[in-house]
Structure formats: structure tokens, C-alpha cells
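Participant: Predicted coordinates and the sequence they were generated for:
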Amino acid sequence: MLYEDVATQVARLIQTGAYRVGDRVPSVRALSRKLDVSVATVLEAYRMLKARGLIEPRPQSGYYVRPRPVEASPPSERPAPPSPAAPVAVHELGMKLLHDARSRSLVPLGAALPRPALMPFDKLRRILARILRLHPAEAHGIDALPGCRALRVQVAQRAMLAGLPLSPDEIVTTCGAQEAVSLALRAVCRPGDTVAVESPIFFGILQAIEVLGLKAVEIDAHPREGMELGCLRAALRRRRVRAVIAIPTFNNPLGSAMPEEKKKELVRMLASRDVPLVEDDMYGDLHFGFDRPKAAKAFDANGLVLTCGSFSKSLAPGWRVGWLAPGRFQRDIERLKMTSTLATATPLQLAVAEFMAHGGYERTLRVQRKAHARAVDELARAVVRHFPPGTGVSSPEGGFVVWVRMPERVDSIALYGQALKAGIMIAPGPMFSPRGRFRNFVRLNAGAWTPDLDRTIATLGRLARA
């Protein structure tokens with residue numbers, strides 16, 4: 001096939017160093033003219049190279065040579081057997097990390113937050129001031145459940161990009177994704193129930209499980225494709241699992257993105273057993289490729305998927321504006337919301353809705369996606385350059401966190417303490433596991449990356465070597 005010949009030529013240039021990691025390869029049209037082949041042929045060649053992990057598309061920019069560090073958690077041919085159901089104990093470590101994150105004297109490589117320069121704070125402030133001035137009665141009132149309709153309309157319109165044909169009335173606004181996840185768990189579980197949890201997974205989800213008195217079965221995640229469905233299937237056969245919790249699109253901290261077919265299989269598997277799926281879709285909009293991946297809920301025909309989202313990673317972390325599409329559990333979610341926070345702050349919902357309605361959100365995302373893709377690449381290369389030999393780094397396709405596997409002799413809890421003394425905050429691996437696994441792993445925040453931080457990574461590397 002002609003496109004295979006084109007792919008082979010470009011691959012050879014990458015492998016010989018003519019194009020290095022981060023370099024832009026020729027545009028589709030330029031390569032078409034140079035090789036005297038059709039645009040369709042070059043597109044097919046680039047799709048093949050993308051599938052092989054050699055290049056990646058960036059919105060409105062073209063194709064770039066993808067970083068090729070060692071994977072942080074090598075895939076296994078056979079999924080590991082599911083862990084026994086057990087209580088979760090990460091709350092104290094998570095609280096310590098959040099406490100340290102408030103210190104402005106620390107380099108913020110632990111908390112998953114973007115640089116303020118990438119956030120539209122000034123625009124949001126002006127919109128909020130105008131709303132408070134022109135619509136004081138509406139802004140200072142309480143929006144009855146399911147929440148601010150203007151915002152739910154915008155979320156529903158945007159959900160179409162993720163394959164979700166939601167109506168505004170099928171969405172409940174929340175105080176960030178953390179409340180959405182907590183409400184979802186409370187709606188489908190009772191204290192003492194067992195939930196299957198993708199691992200590693202965001203420690204805030206594990207904190208919610210712990211506080212609610214639930215037990216967790218740990219299901220290993222593939223470094224590129226997310227939750228190992230064979231392992232999950234075994235867990236469902238062996239014990240009564242009340243719900244499954246996963247981040248199918250750009251897992252935090254792993255960065256994995258479950259392929260569409262795998263999402264379909266996951267939803268079908270759970271539907272056949274009438275088991276709900278709590279889906280955290282926090283990072284779905286921050287994809288590096290051209291198209292936003294579909295959410296798992298796109299394949300839900302039974303209302304069993306509860307999808308949680310938020311604007312905390314893209315617009316304003318402190319505003320705590322999120323949402324939940326709870327499917328058949330909406331009545332339960334509204335009752336629980338009524339008895340917890342009652343409502344999400346009205347003026348903040350109105351401001352986010354207006355920002356989205358006039359295109360501000362999409363423009364912001366375009367800037368952030370490019371910045372995050374570049375930052376993830378540069379941070380990964382810095383880690384490979386400075387950390388001990390044998391260190392591996394994840395290669396996420398969205399979001400802005402990087403999962404680092406260090407040699408087994410390195411204890412990330414000890415490294416966390418040493419890093420604090422050096423003025424650096426990191427997130428140690430055990431806080432992303434129900435059973436405290438991943439002792440030699442750390443999560444680093446590429447959202448904070450600037451070239452000056454190369455020296456900080458060098459310091460961390462020296463500490464890890466020691």
C-alpha cells in the first residue's frame with residue numbers, strides 16, 4: 001500500500017533523529033506535494049504513525065513527534081488478580097498534601113492545577129461583576145434543583161462532543177467534581193458496600209470512599225488503555241460489587257485513555273449485572289488530539305452510568321462549579337444534594353454559563369491544550385534526563401499530570417519529605433491506591449511547568465538518586 005510506504009519513510013526519519021521529540025513533521029499538504037501522493041494517502045500514513053505512538057496531532061497546529069519515554073507501568077499480558085475487598089486509608093496523606101498545597105513557598109508539582117496564566121481569571125471576573133450589577137436579584141437567589149438552567153443548557157450542548165445526548169434536565173450542577181463523585185457514591189452505595197476501583201486513581205475519589213465507609217477492590221489499569229477489564233470481570237464473578245469507579249478518559253494520575261471499544265465493553269459488562277459505573281470525566285475536554293474522546297456514558301442505554309465533570313481544571317479552581325449526569329439515579333442525587341449543599345453558588349454558575357455561551361470556554365481550551373501537550377512533553381523529557389536510570393514516565397494523551405515510576409529502591413514517601421525540605425511539593429504514589437501500592441511512584445504536575453523548572457526536576461532527581 002502506498003500509505004504504508006509513506007509511513008515507513010517518515011518513521012525512518014524519526015528513528016534516525018532527523019525529527020526529534022517535539023518537532024513538527026511536514027504538514028499533510030506539504031508532504032503530499034513533496035512525495036506527489038494524495039492528501040488522503042498522507043492522512044492514512046499519519047494515522048498509522050499515530051497508532052504506532054510515533055506522532056501525535058495537536059489542534060490547529062499539525063502533527064508532532066511524540067515523546068517516547070519508558071512506560072511508567074508496563075502492560076502485562078495477563079491482568080493481575082483482583083485484590084481482596086478492604087477499607088481504604090489514604091485520607092490523612094491526602095489532607096497533608098492539600099495543606100502543603102496552600103504554601104506559596106513550595107514549587108507546586110504535587111497539586112494538579114494549571115498555571116494561573118492559562119486561566120481566564122480576568123474575563124470571568126468582569127462577567128461576574130456585570131452579572132452582580134445588572135441582575136442582583138437573580139444572582140443572589142438560590143437556584144432550585146437541579147441547578148442553574150443557563151449552565152445546564154451549556155453543559156448539555158457541550159456534552160454532544162463527548163457523545164452524550166443529554167437534555168438540560170438530565171444534569172445536576174454541583175460544587176465541583178468532588179461533590180459530584182461523593183453524591184454518586186452515596187446514591188448507589190451504603191456503608192459497608194464494596195466498590196471496584198481503577199488503580200491508580202485520584203486520591204480524592206479514594207478519600208470519598210473512605211469517608212463513606214465503603215470497601216474497595218483494586219482493579220489494575222493498563223498504562224495506555226485504562227482499567228483491565230479481565231481483572232474487573234474476575235472481581236464481579238467473585239464478590240458482590242455495588243458500583244465501579246473509573247476515570248476512562250485521561251486517568252489521574254496515569255493519563256491513560258480507554259479506547260472506544262473498551263468503553264463499550266465496560267458499559268455492557270456492567271449493564272448485564274445491573275452494576276452502576278461512576279465515571280469521572282474531569283479531564284475529557286483537555287485532549288491533545290483533534291477530537292474529544294467519547295465518554296463511557298455515550299454507550300449507556302440503561303441509565304447506569306453517572307458521569308461527573310467540572311470546570312475546576314480549566315476555568316477557576318476556587319469557584320467549585322461542576323456537574324453530574326446521574327441517569328436513572330437523578331431523583332436520589334437531587335435528594336442528597338438538597339440535604340448536603342442545597343445548591344451551587346448561583347452567580348458563579350451564571351458567569352460560567354455566559355463565558356461558555358459566547359465561545360470563551362472553547363477559546364480557552366484551545367490555548368490550554370497546546371500548552372499542556374508541550375508541558376507534558378518537556379516535563380517527561382526532564383524526568384528521563386535527571387532521574388535515576390531505570391525511571392519510566394507515562395505518556396498521556398490529555399490532561400496535565402505525569403506518572404513517574406522510579407527504581408524499586410526509591411521510596412516516594414521518603415522522597416516527599418526530602419522534597420518538602422528542598423521547597424518542592426510532589427504527590428507520592430501510595431495515595432493513589434486503596435492499599436497504598438505504588439511506593440516507588442510519584443505524580444508530577446505538568447500544569448505548573450515552565451522551562452525554569454528543569455532545575456527543580458534536577459533537584460528531585462538528585463534526591464531520588466540519594
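Facilitator: Received, thanks.

Participant: in the stretch 251-400 of the chain, which spans are strands?
Facilitator: 277-280, 305-310, 322-325, 392-393 (DSSP state E, counting those that start in this stretch).

Participant: moving C-terminal of the shortest one, what's the next helix or strand?
Facilitator: Put plainly, it is strand 392-393. Next along the chain after strand 392-393, taking DSSP states H and E as the criterion, comes strand 401-405.

Participant: helix/strand/coil for E179?
Facilitator: helix (DSSP: H, G, I helix; E, B strand; the rest coil).

Participant: Just send the strands of the stretch 251-400 of the chain back as CSV, with mean neighbour count too.
Facilitator: (Glycine included, C-beta is placed from N, CA and C.) Below are the strands of the stretch 251-400 of the chain laid out as CSV (neighbours: other CB atoms under 10 Å):
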stretch, mean neighbour count
strand 277-280, 28
strand 305-310, 28
strand 322-325, 28
strand 392-393, 24
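
Participant: Mean pLDDT and distance to A234 for those - can I get that in CSV?
Facilitator: Shown next, in CSV, are those (pLDDT from 0 to 100; distance: least, CB to CB, whole Å):
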stretch, mean pLDDT, distance to A234
strand 277-280, 98, 17
strand 305-310, 98, 21
strand 322-325, 98, 29
strand 392-393, 92, 27
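
Participant: Ok, which of the ones you listed comes nearest F288?
Facilitator: Smallest distance to F288 across those (CB to CB): 15.6 Å, for strand 392-393.

Participant: Partner strands of the closest one and their direction?
Facilitator: Paired strands of strand 392-393, with direction, are strand 401-405 (antiparallel) (DSSP bridges).

Participant: Sheet-wise, list the partners of whichever strand in the chain runs longest with their directions.
Facilitator: If you go by DSSP state E, the chain has its longest strand at strand 215-222. Sheet pairing of strand 215-222 (DSSP bridges) gives strand 86-87 (antiparallel), strand 194-199 (parallel), strand 226-227 (antiparallel).

Participant: out of those strands, nearest to L118?
Facilitator: Evaluated over the strands paired with strand 215-222, closeness to L118 peaks at strand 226-227, with 26.0 Å, by CB to CB.

Participant: Let me see the mean pLDDT of that closest one.
Facilitator: Across strand 226-227, the average pLDDT comes to 95.

Participant: What lies in contact with that strand?
Facilitator: The contact list for strand 226-227, computed with CB atoms under 8 Å, 6 or more residues apart in numbering, reads 198, 219-221, 246-248, 251, 254, 256-258, 262, 266.

Participant: Next: stretch 82-98.
Facilitator: Applying CB under 8 Å, 6+ apart, the external contacts of stretch 82-98 come out as 110-111, 194, 196, 203-204, 206-207, 209-211, 214-219, 231-232, 234-235, 238-239, 425, 427-428, 430-431, 433-436.

Participant: give me that answer again for 7 Å
Facilitator: 110, 194, 203-204, 206-207, 209-211, 215-219, 231, 234-235, 238-239, 427, 431, 434-435 (CB atoms under 7 Å, 6 or more residues apart in numbering).

Participant: L128 falls within a strand, correct?
Facilitator: No: counting by three-state DSSP, L128 falls outside a strand, being helix.

Participant: Could you check the pLDDT of it?
Facilitator: Looking at L128, its pLDDT reads 97.

Participant: any chance of the strands of the stretch 251-400 of the chain in CSV, plus distance to V181?
Facilitator: Putting these into CSV (distance: least, CB to CB, whole Å) gives the following:
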stretch, distance to V181
strand 277-280, 6
strand 305-310, 5
strand 322-325, 8
strand 392-393, 27
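
Participant: between the strands paired with strand 215-222, which one is nearest to T450?
Facilitator: Closest among the strands paired with strand 215-222, once you apply CB to CB, is strand 226-227, at 30.0 Å.

Participant: now that closest one, how far from the centre of its chain.
Facilitator: Relative to its chain's centre, strand 226-227 lies at 12 Å (CA atoms, centre = their mean, to the nearest Å).

Participant: mind giving me the domain ranges of this structure?
Facilitator: 2-65, 91-117+366-465, 120-361 (automatic domain parsing).

Participant: Redo those domains as a markdown table? Include distance to A85.
Facilitator: Shown next, in a markdown table, are those (distance: least, CB to CB, whole Å):
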| stretch | distance to A85 |
| --- | --- |
| domain 2-65 | 36 |
| domain 91-117+366-465 | 9 |
| domain 120-361 | 4 |
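
Participant: what's the least confident stretch among those domains?
Facilitator: Lowest mean pLDDT within these: domain 2-65, a mean of 83.

Participant: re earlier: could you say which one of the strands of the stretch 251-400 of the chain comes nearest to A18?
Facilitator: strand 392-393 (23.6 Å).

Participant: follow-up on the earlier one: can you tell me which of the strands paired with strand 215-222 is nearest to M160?
Facilitator: Among those, if distance is taken as CB to CB, the winner is strand 226-227, at 22.9 Å.

Participant: Flag every buried residue along the helix or strand following that closest one.
Facilitator: On the C-terminal side of strand 226-227, the nearest following helix or strand under DSSP H and E is helix 229-238. In terms of neighbour count (16 or more other CB atoms under 10 Å), helix 229-238 has its buried residues at L229, C231, L232, R233, A234, A235, L236.

Participant: helices or strands next to the next helix or strand after helix 229-238 in the packing?
Facilitator: For helix 229-238, the following helix or strand on the C-terminal side (DSSP H and E) is strand 243-246. Here strand 243-246 touches strand 194-199, strand 277-280, going by 3 or more CB pairs under 7 Å, 6 or more residues apart in numbering; DSSP states H and E.

Participant: Next, format the ones you listed as a markdown table and append distance to V6.
Facilitator: Output for the helices and strands packed on strand 243-246, formatted as a markdown table (distance: least, CB to CB, whole Å):
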| stretch | distance to V6 |
| --- | --- |
| strand 194-199 | 38 |
| strand 277-280 | 38 |
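
Participant: how about the ones you listed, which one is nearest A414?
Facilitator: strand 194-199 (21.9 Å).

Participant: Put the buried members of the contacts of stretch 82-98 into a ChimeraX selection.
Facilitator: Provided next is the ChimeraX selection string for whichever of the contacts of stretch 82-98 are buried by 16+ other CB under 10 Å:
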select :110,194,203,204,206,207,209,210,215,216,217,218,219,231,234,235,427,431,434,435
